[in-house]
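Participant: Make a model of this:
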Amino acid sequence: MVESVSRTDVEKQKHFEVLKETIKSLERQRKSRIFCLIHAPDSRSGKAQPHICGPEFWDTLAHRDDFGRINRLEILVHSPGGHASIAYQVSSFFRKHCQELNYLVPMQAKSAATILCLNGDKIVMGEWAELGPLDVQLDDILEYGKRPFSPLNEFKSMEFLRDYATEFLDFFSWLLVERGLSVKHALHEAIPGVSGIMSPLYSHVDPSKLGSYRRALSEGEEYAIRLLRSAGTPNAKKIADKLVWKYPAHDFVIDREEAAGLGLPIQKMELAHDRLLTKLITNLIQNEVSYVGFVSARERKVKKQKPATKKKRRVAEKVQIPPERPVAITRRAG
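Facilitator: Residues are numbered from 1 along each chain as shown. Predicted structure coming up:
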């Protein structure tokens with residue numbers, strides 16, 4: 001019985017061939033080995049857009065024998081993000097198997113994909129490329145439904161309350177001073193009033209929940225610091241702090257100029273490569289084709305055996321080698 005091949009499979013194979021030829025050409029030009037981590041939405045499967053999670057870990061592990069010790073390894077990334085822990089593991093694996101590690105970002109490497117890139121000697125960004133903040137996204141079906149939320153929201157609320165209280169105190173104190181009270185007396189009268197206004201607002205803050213949110217945010221921050229230090233990037237802690245705490249939204253665009261201003265090792269992608277990869281990624285997204293891995297296996301060098309000397313040949317002719325007997329192979333359970 002011959003299995004039928006669906007039209008979708010044929011189309012995906014066609015797009016993979018385009019990907020393969022493009023990457024092989026780019027590898028020759030850049031004198032590198034390129035590992036692809038490309039995530040495209042797949043509406044036909046009914047699943048959410050792929051992201052950095054368990055399958056990416058196992059896909060990378062499946063290509064383990066294709067790594068060896070690579071002189072220049074470059075990771076082509078297009079991803080909305082995923083799990084910080086998986087991004088950290090995969091990025092650390094890449095670092096251990098090469099002399100030089102670069103990340104190629106023609107369009108998007110957000111959230112956990114940004115964590116992945118922090119271990120690079122260079123982050124090569126195209127004109128439309130963007131990284132993203134590292135505030136982790138959590139699920140709370142009771143409060144937010146199926147929509148993930150950032151625990152940074154709670155801390156931004158605390159910052160707002162702090163600034164709000166300070167503004168109230170300044171306003172009431174100034175108003176009382178203007179009416180003839182001393183500064184000391186004005187503060188004495190203003191503080192209870194401000195406390196009365198702010199106390200109901202602060203009563204909604206749950207310290208235990210705030211603590212758990214702080215721990216969640218510190219995970220991405222710590223991974224970022226370790227990967228930046230692994231790559232030898234200066235001011236690792238300062239960069240990680242900005243990526244986690246200083247942006248107003250999780251989907252905030254960190255473009256090439258912004259990323260360079262943070263202190264990341266950004267390199268401008270060559271225009272020809274930028275156009276080539278942007279066209280490739282756009283084509284894969286439109287046709288909902290994702291791919292993780294090398295496009296071809298590593299070529300393994302086979303050692304040539306030296307011809308036997310005359311003395312060795314004479315010895316071999318005298319020695320009679322008995323025919324091999326079949327060996328029984330037993331399979332152990334577990």
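Participant: For this protein, which segments are assigned as strands?
Facilitator: For the chain, strands defined by DSSP state E occupy the ranges 33-38, 70-78, 98-105, 108-109, 122-125, 130-131, 266-268, 291-293.
Participant: Next, format those strands as a markdown table and append mean neighbour count, distance to residue 167 and mean pLDDT.
Facilitator: For every residue, glycine as well, the C-beta is placed using N, CA and C. A markdown table is the format used below for the strands of the chain (neighbours: other C-beta atoms under 10 Å; distance: least, C-beta to C-beta, whole Å; pLDDT from 0 to 100):
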| stretch | mean neighbour count | distance to residue 167 | mean pLDDT |
| --- | --- | --- | --- |
| strand 33-38 | 22 | 46 | 95 |
| strand 70-78 | 22 | 43 | 96 |
| strand 98-105 | 22 | 41 | 97 |
| strand 108-109 | 26 | 38 | 96 |
| strand 122-125 | 24 | 40 | 98 |
| strand 130-131 | 25 | 34 | 98 |
| strand 266-268 | 17 | 38 | 98 |
| strand 291-293 | 19 | 50 | 92 |
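Participant: Tabulate those strands (TSV), appending distance to residue 24.
Facilitator: Formatted as TSV, the strands of the chain follow (distance: least, C-beta to C-beta, whole Å):
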stretch	distance to residue 24
strand 33-38	9
strand 70-78	12
strand 98-105	15
strand 108-109	22
strand 122-125	18
strand 130-131	27
strand 266-268	22
strand 291-293	14
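Participant: Tell me which of those strands sits nearest to residue 250.
Facilitator: Comparing the strands of the chain by their distance to residue 250 (C-beta to C-beta), the top pick is strand 130-131, with 12.2 Å.
Participant: by contact count, what packs against the closest one?
Facilitator: strand 108-109, helix 112-117 (3 or more C-beta pairs under 8 Å, 6 or more residues apart in numbering; DSSP states H and E).
Participant: Which of the strands of the chain sits closest to residue 249?
Facilitator: Short answer: strand 130-131, nearest of those by C-beta to C-beta, at 12.8 Å.
Participant: Tell me how many other residues crowd residue 181.
Facilitator: Counted with other C-beta atoms under 10 Å, the neighbours of residue 181 add up to 16.
Participant: can you pull the pLDDT of the nearest residue to it once chain neighbours are set aside?
Facilitator: Excluding the flanking residues, the one nearest residue 181 by C-beta to C-beta, 6 or more residues apart in numbering is residue 189, at 7.1 Å. The model reports residue 189 with a pLDDT of 87.
Participant: just checking, residue 99 touches residue 72?
Facilitator: Yes - counting by C-beta atoms under 8 Å, residue 99 touches residue 72, with 6.9 Å between them.
Participant: what about residue 153, neighbour count?
Facilitator: By other C-beta under 10 Å, the residues close to residue 153 number 14.
Participant: typo on my end, residue 25
Facilitator: 11.
Participant: on that earlier part again, any idea which of the helices and strands packed on strand 130-131 is most buried?
Facilitator: Ranked by mean neighbour count, these are led by helix 112-117 with a mean of 29 (mean count of other C-beta atoms under 10 Å).
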